[in-house]
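S.K.: mind looking at a prediction? Sequence and model below.
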Amino acid sequence: MARPLHRAAAFAALALPGAFVAAQDKAAADDFLQTYCIDCHGGDTTKGRLDLTNAPADPVAALWRTSRLRERVLAGEMPPPHAEAPEARERAAFVEWSTETLRREVPGLAPDPGRATVRRLSRTHWANSIRDLFGVQASTAAFPADDLGYGFDTIGDALTFSTLHLEKHLAAAADVAAAVFDGEDPQRPTVRRYEAEAMQLAAGPMTDMAGEVAYMITNAVIEQGVRLPRDGTYRLRITAGADQAGDEPAKMTLRLDGKDLETFEVPQRGLQPFEVTAPLRGGDHRLGFAFVNDHYDPKNPDPARRDRNLRIDACEVTGPLEPRRLPDAMQWVHGAAPAAVTTAADLQPFVRTLLGRIWRRPATDGEVERLARLGAEASRSAGERDEGLRRVLQAALVSPHFLFRIEPGAVGEGGHEPVPGPALATRLSYFLWASTPDPVLLELGRSGRLHEPAVLAAEVARLLADPRADSLATDFAAQWFELPSLWERTPDPARFPGFDDELRSSLRTETERLFLAVLREGRDVRDLLDCGFTHVDRRLAVFYGLPEPAGDGFHRVALPDELRERGGLLGHGSVLAVTSNPTRTSPVKRGKWILENLLGQPPPPPTAGNDSLRNEAAVDSAASFREQLARHRARAECAGCHVRMDSLGFALEHYDVIGRHRPTDAGGPIDSSGELPGGRRIEGLQGLKAVLREDPMFVRTAARKLFVYAIGRDPRPVDRLRLDLEVDALLARGKVGVQDLVMAIVQSETFLRRSTIAK
Amino acid sequence: MRPIRQLALDRRTFLRGSACALALPWLDAMQPALRPAAANPVRCLFVFSPNGMNMAEWRPRGEGAEAALGPTLQPLEPFRGRFTVWSGLAIDGGRDHGDGFGDHARAGGSFLTCAHPRKTGGGDIRAGTSVDQVIAAKAGGATSFPSLELGMEKGAAAGICDSGYSCAYSNNISWRTPTTPVAKETDPRAVFARLFGDPDRARDAAAARRQRAARQSVLDAVAADARSLAGDLGAADRAKLDEYLHAVRELEKRLERIDAEADGQAIPLPEHLLAGGGYAERLATMYELIALAFATDRTRVVTFMLGNAGSNRSHRFLGVPDGHHDLSHHGKKPAKLAAIAKIDRFQLESFAAFLDRLRASPEAGGDLLGGTLAMFGCGIGDGDHHNHDDLPVLLAGEGGGAARGQGHVRLAKETPMANLYVATMRAMGLPDETFGDSTGVLPIG
């Protein structure tokens, strides 16, 4: 519907869209641009590459320009301080005209859902999927870091795959398969035998490891790494012998991960067994075997009693001794496994069930046959059923059908179509759970019913109510607010002691809890900016000066008046620390963080020759920084962004590099006030929060961040125009919950449909 | 062979770079068994150091073989005659070309590609194919690992890496194709396990062989999955599948090679790899592993990032608590310049200790350093200026006779770094005459 009507308008060259807008409003808007903007953005002078005399022919581009103009005028950034300022009434009229234009014309834009490159599972997605498929907690520490795009690890183009990834996935999938099908026979617990002479010598240079035993002639320690499949009772049986001397027998201490487990007296020369039975945790351990009481008495009349030495032959670790209790999450896969495997046909039903779940779609006959053959062959050559089951599982988990979220098809010319049901189910679950769909969701996807609006809405509600939706806090919000960066911040320990990993972890959890509270309690997303409570554990309570909570873990506390500023994420130590330098706070970084993450208006880079970061690094205290702000104001090319950015950052100056409150800085008073473009003053953090709460850009930005996370690409102008309109409609209604924003995205054509492309 | 792990290695000896012959016992000991008898291969290493250098302390005084080394390069004094420092090399692709900020991301993305990385926050990333990958693709087939990509830092955990650039540019210097960066390994223990097998898992040769056979069967299956998909996808998605298939093929080749080699060559884990340690210890260990990978001919091409581009690491162990990147914007303040010089000096000490390792490792007709081209450099000159010309670059080793230490050589301004890469490619046996924006072959010999 939209067509640029500017050619018919009075100021034809100004190119404003406005098919349905009253002619006089449009004339006034054109007048506004002509009076206040055209000097810098028209004809010969086109600052910021904006030429208002040059009309975009494309309706999306025309509306996009209108939207950008609206944002800058609304924020008071344009016209800039040095230029002639419009009256508030004129400014409001322009905003109203542009708002109305967008509201009328954006819905008429041609459908264009776009598409995102196929996405590999991020490390988080992979680990969560394994957890939800099998109840196995698998570590991704060995995986290469996922490269981020637009601040998130869900961007297909940035999620590359290289040989290193494949190696890590092969190993990790083998571990998962071994955890699921551990080959245990309750009648015959697994025996692991380790020869002492092949162990690692941790201490004792005189030890001889060249023979059949480890022969320790002075105090020594040998070590062995052991991987245990699960928690359980294990029997450790060591065979050892000793040469005796002095008045006590040789002593051998068995250590587990560096701690003494048992000390045995080894009384005779011949090898004999020593046993201990102990409850051990599953996973990797180091067993240590120490000779602890060397004795040397060369003058002893009995040559056989002159030197005390220890010989260790081997250690056997047997267990777990109790039969396995299958975790609930594994019932489905064990239930599908055949009792015995002799032919590929025996395995086919199992493979079909397995793939249907792991690959998030029904498998084809060819796929089933291929993996069934693989598994049968493995079972046959190993003579063990579980070997084949493990092989199938490993191959299924390394397959591109699991590791990538493939949405096949969609090859055609220039049209668009609904995404296939299973792909929609997958989009939804990785958005809301950062994990694989459950069987209910998969079935709705398979049958196609998920595309019915009522079914879709019900599923969104069900998924959000599930504990797995905590990932919106721990994965989405954590990335949004850059919380993982806490581990990259290294405040100078001399000046900011105690900033350890435990504190980092607590700070991160506090902010995640706030997001969860907003999500779970249906609060307005603007409560993220300001609220009367926070969540602390003991460590954080001390950190903030709050009364210590009664129990372990995190507790919600109502904030007393003097700590009211701490309510909302800008009062959290996490955000304050993430935006600081190692030795001092950075109002510019804090201001930039707010602009990027809360207002969605990343400042453009400084003009050539005005590397602000360089200048910033050259000053060391906020006082001289104030002087620099004054310089920023004085220089037109800096003022456009810095007046706003610096003012936002200064409001946080009462909080130091790690987020502690400080009454003074370097002995001097702190001025946490600032003045925004347009003259509005900000007084401290509470003042800043009030400004941000009122700004519709915050909720729009929350929606955009969700979009990037969910869709896997940056929103294009057409996406943003549509999304902003949805958000504005929500804002007009009043309260906006996370649920509302999620629904706005899930119900959009971008989520439900995709553009088809030429092959 | 007696288990080598019994010989405790004093890592501080290594760190100090003392030329003590005892520093290398396990590396020496395994060479007769593992080195192929044929003519010595040529190896190349590319070391990337983030944030530029304090150039006043870096730049040698005078020219030629006798040029006086400044404080930063002083650790190379014992290698006089075996390295060349160039002044005047430039990477034009790192400049903004109208793209504005993001010099660190561009420094990473252009360092070995000499391309101008496309400015994007995540979609359609594109730099160029890097020189190490060009070499690996053509000359890497002779070893288990056509190339090895190492680094000291995983990728950034959150946020935007640099001014509108995807983190892919800051975190990777190796690019297999213009759109595919190669992930790097940052854990020394995992590097060892990759090269020589996991010492805790597969001690006995028969079990290791069975495990490889199992792996092979799984790779066959997943390759079939990937191939069956190819026809059903658009171009961007197919490119992703190609990344996957390439990984499968490379791993298959490696498994075949290991099977073809004699079993029972398991290299015991050097004891000190088990220890954790801070940046300095891990750095020394990584260099040690590179030396080991070269000595055993597991690979001939290695890239190594001492930090990701724009790294803000704090070097407290040097008495430098401030972030490296923050410091690099020194504003000519003497205290900051001195702190940067400390970091630079430390990096060169570590590099010199590595060269010492190579030199102490004999090889037919000389030493391992003689068969290696070890390049060390930055994609930015002075961190305060973000300049991409007059870069700090040096090349050590003779590369089997292709190179000769020339001390300090001043080149014409704007001599493309790509000229050095062409010379390196030729030393590695490639016939190429050009790379990236090269204008000729830098005389390295």
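M.R.: Yes, it's here.
S.K.: who in the stretch 351-500 of chain A is up against chain B?
M.R.: Within the stretch 351-500 of chain A, the positions near chain B by Cβ under 8 Å from any Cβ of the partner chain are A:366-367, A:370-371, A:374, A:377-378, A:391, A:394-395, A:398-401, A:403-404, A:406, A:408-411, A:478-479, A:482-485, A:487-488, A:490, A:492-494. C-beta: built from backbone N, CA, C; applies to glycine.
S.K.: could you rerun that using 7 Å?
M.R.: Proximity of the stretch 351-500 of chain A to chain B, by Cβ under 7 Å from any Cβ of the partner chain, involves residues A:370-371, A:374, A:378, A:391, A:394-395, A:398-401, A:404, A:406, A:408-411, A:479, A:482-485, A:487-488, A:490, A:492.
S.K.: so residue B:180 touches residue B:243, yeah?
M.R.: Yes - here residue B:180 reaches residue B:243: they are 5.5 Å apart, a contact under Cβ atoms under 7 Å.
S.K.: list residues touching both of these two?
M.R.: residue A:160 (Cβ atoms under 7 Å, 6 or more residues apart in numbering or on different chains).
S.K.: ok so, going back, make a ChimeraX selection of the buried ones in the residues of the stretch 351-500 of chain A next to chain B.
M.R.: With 16 or more other Cβ atoms under 10 Å in any protein chain shown as the criterion, this ChimeraX line picks the buried residues out of these:
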select /A:370,371,374,378,391,394,395,398,399,400,401,404,406,408,410,479,482,483,484,485,488,490,492
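S.K.: in helices, which of the residues of the stretch 351-500 of chain A next to chain B appear?
M.R.: When DSSP state H is applied, those are split such that A:370-371, A:374, A:378, A:391, A:394-395, A:398, A:400-401, A:479 fall in helices.
S.K.: what is the most widely separated pair among the residues you listed?
M.R.: Largest separation among these by Cβ to Cβ: A:378 and A:479, giving 39.5 Å.
S.K.: quick check: residues of the stretch 301-445 of chain B near chain A?
M.R.: Contact residues (Cβ under 7 Å from any Cβ) of the stretch 301-445 of chain B with chain A: B:314, B:321-323, B:326, B:329, B:331, B:333, B:384.
S.K.: JSON lines please, covering the residues you listed and showing neighbour count.
M.R.: JSON lines is the format used below for these (neighbours: other Cβ atoms under 10 Å in any protein chain shown):
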{"residue": "B:314", "neighbour count": "22"}
{"residue": "B:321", "neighbour count": "18"}
{"residue": "B:322", "neighbour count": "23"}
{"residue": "B:323", "neighbour count": "22"}
{"residue": "B:326", "neighbour count": "21"}
{"residue": "B:329", "neighbour count": "20"}
{"residue": "B:331", "neighbour count": "13"}
{"residue": "B:333", "neighbour count": "15"}
{"residue": "B:384", "neighbour count": "24"}
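S.K.: buried ones in stretch B:186-196?
M.R.: Residues B:186-196 are the ones in stretch B:186-196 that count as buried (16+ other Cβ under 10 Å).
S.K.: kindly report the same for stretch B:230-248.
M.R.: For stretch B:230-248, by 16+ other Cβ under 10 Å, it's B:232-234, B:236-248.
S.K.: could you tell me which of the residues you listed are located in helices?
M.R.: Counting by DSSP H, these contribute B:236-248 to helices.
S.K.: reformat those as a markdown table; add distance to residue B:136 and pLDDT.
M.R.: What follows is those, written out as a markdown table (distance: Cβ to Cβ, whole Å; pLDDT from 0 to 100):
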| residue | distance to residue B:136 | pLDDT |
| --- | --- | --- |
| B:236 | 25 | 81 |
| B:237 | 26 | 87 |
| B:238 | 23 | 87 |
| B:239 | 19 | 87 |
| B:240 | 21 | 88 |
| B:241 | 21 | 90 |
| B:242 | 17 | 91 |
| B:243 | 15 | 92 |
| B:244 | 18 | 95 |
| B:245 | 17 | 94 |
| B:246 | 12 | 93 |
| B:247 | 14 | 94 |
| B:248 | 17 | 95 |
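S.K.: just give me the closest of these to residue B:426.
M.R.: When those are compared for distance to residue B:426 (Cβ to Cβ), residue B:246 wins out at 25.7 Å.
S.K.: hang on, the earlier thing: the buried residues of stretch B:186-196: which ones sit near chain A?
M.R.: B:190, B:194.
S.K.: now, which of the buried residues of stretch B:186-196 sits nearest chain A?
M.R.: residue B:190 (5.9 Å; Cβ to the nearest Cβ).
S.K.: which ones are touching the closest one?
M.R.: Residue B:190 neighbours (Cβ under 7 Å, 6+ apart): residue A:142.
S.K.: can I get the strand or helix carrying it as CSV, trimmed to CA atoms?
M.R.: Secondary structure assigned from DSSP states H and E places residue B:190 in helix B:188-196. Extracted C-alpha coordinates of helix B:188-196, given in CSV (Å, rounded to 0.1, in the frame of the first residue of the first chain):
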residue,chain,number,x,y,z
PRO,B,188,47.8,-26.6,26.6
ARG,B,189,46.7,-29.9,28.0
ALA,B,190,44.1,-30.3,25.2
VAL,B,191,46.7,-29.3,22.6
PHE,B,192,48.8,-32.1,23.9
ALA,B,193,45.9,-34.6,23.8
ARG,B,194,45.1,-33.5,20.2
LEU,B,195,48.6,-34.0,19.0
PHE,B,196,49.6,-37.1,20.8
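S.K.: right, and the helix or strand after it?
M.R.: According to DSSP H and E, the helix or strand after helix B:188-196 is helix B:205-230.
S.K.: show me which positions of that following helix end up buried.
M.R.: Within helix B:205-230, the residues scored as buried using 16+ other Cβ under 10 Å are B:208, B:211-212, B:214-215, B:217-219, B:221-226, B:229.
S.K.: doesn't residue A:240 lie inside a helix?
M.R.: No - counting by DSSP: H, G, I helix; E, B strand; the rest coil, residue A:240 is not part of a helix but strand.
S.K.: isn't it up against residue A:273?
M.R.: No - with contacts defined as Cβ under 7 Å, residue A:240 does not count as touching residue A:273, sitting 8.4 Å away.
S.K.: the two - which one has more neighbours?
M.R.: Legend: neighbour count by other Cβ atoms under 10 Å in any protein chain shown for residue A:240 and residue A:273, higher for residue A:240 (25 against 11).
S.K.: ok, so what distance separates that one from residue A:192?
M.R.: To residue A:192, residue A:240 is 17 Å away according to Cβ to Cβ, to the nearest Å.
S.K.: what do you get for residue B:374?
M.R.: Counting by Cβ to Cβ, the gap from residue B:374 to residue A:192 is 43 Å.
S.K.: settle it for me: which of those two has more neighbours?
M.R.: Using other Cβ under 10 Å as the criterion, residue B:374 and residue A:192 rank with residue B:374 on top: 26 against 15.
S.K.: ok and the residue in chain B nearest chain A?
M.R.: For chain B, Cβ to the nearest Cβ, closest residue to chain A: residue B:122, 1.9 Å.
S.K.: I'd say that residue and residue A:154 touch.
M.R.: No - using Cβ under 7 Å, residue B:122 is not in contact with residue A:154, being 9.4 Å away.
S.K.: higher neighbour count, the two?
M.R.: residue A:154 (31 against 28).
S.K.: before we move on, back to that, ok, which of the buried residues of stretch B:230-248 also contact chain A?
M.R.: Applying Cβ under 7 Å from any Cβ to those, those adjacent to chain A are B:232-234, B:236-237, B:240-241, B:243-244, B:247-248.
S.K.: export stretch A:306-324 to PDB, keeping only CA atoms.
M.R.: The C-alpha coordinates for stretch A:306-324 follow below in PDB (Å, rounded to 0.1, in the frame of the first residue of the first chain):
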ATOM      1  CA  ARG A 306      68.400 -51.900  57.100                       C
ATOM      2  CA  ASP A 307      66.200 -50.300  54.400                       C
ATOM      3  CA  ARG A 308      62.500 -49.900  54.300                       C
ATOM      4  CA  ASN A 309      61.000 -49.800  50.800                       C
ATOM      5  CA  LEU A 310      57.600 -50.100  49.200                       C
ATOM      6  CA  ARG A 311      56.600 -52.000  46.100                       C
ATOM      7  CA  ILE A 312      53.200 -51.300  44.500                       C
ATOM      8  CA  ASP A 313      52.100 -53.700  41.800                       C
ATOM      9  CA  ALA A 314      48.700 -52.400  40.700                       C
ATOM     10  CA  CYS A 315      45.300 -51.000  41.800                       C
ATOM     11  CA  GLU A 316      41.900 -52.300  40.800                       C
ATOM     12  CA  VAL A 317      38.900 -50.000  41.000                       C
ATOM     13  CA  THR A 318      35.700 -52.000  41.000                       C
ATOM     14  CA  GLY A 319      32.200 -50.600  40.800                       C
ATOM     15  CA  PRO A 320      29.800 -49.100  41.100                       C
ATOM     16  CA  LEU A 321      28.800 -52.000  43.400                       C
ATOM     17  CA  GLU A 322      25.100 -51.100  43.600                       C
ATOM     18  CA  PRO A 323      22.900 -51.600  40.500                       C
ATOM     19  CA  ARG A 324      22.200 -48.400  38.600                       C
END
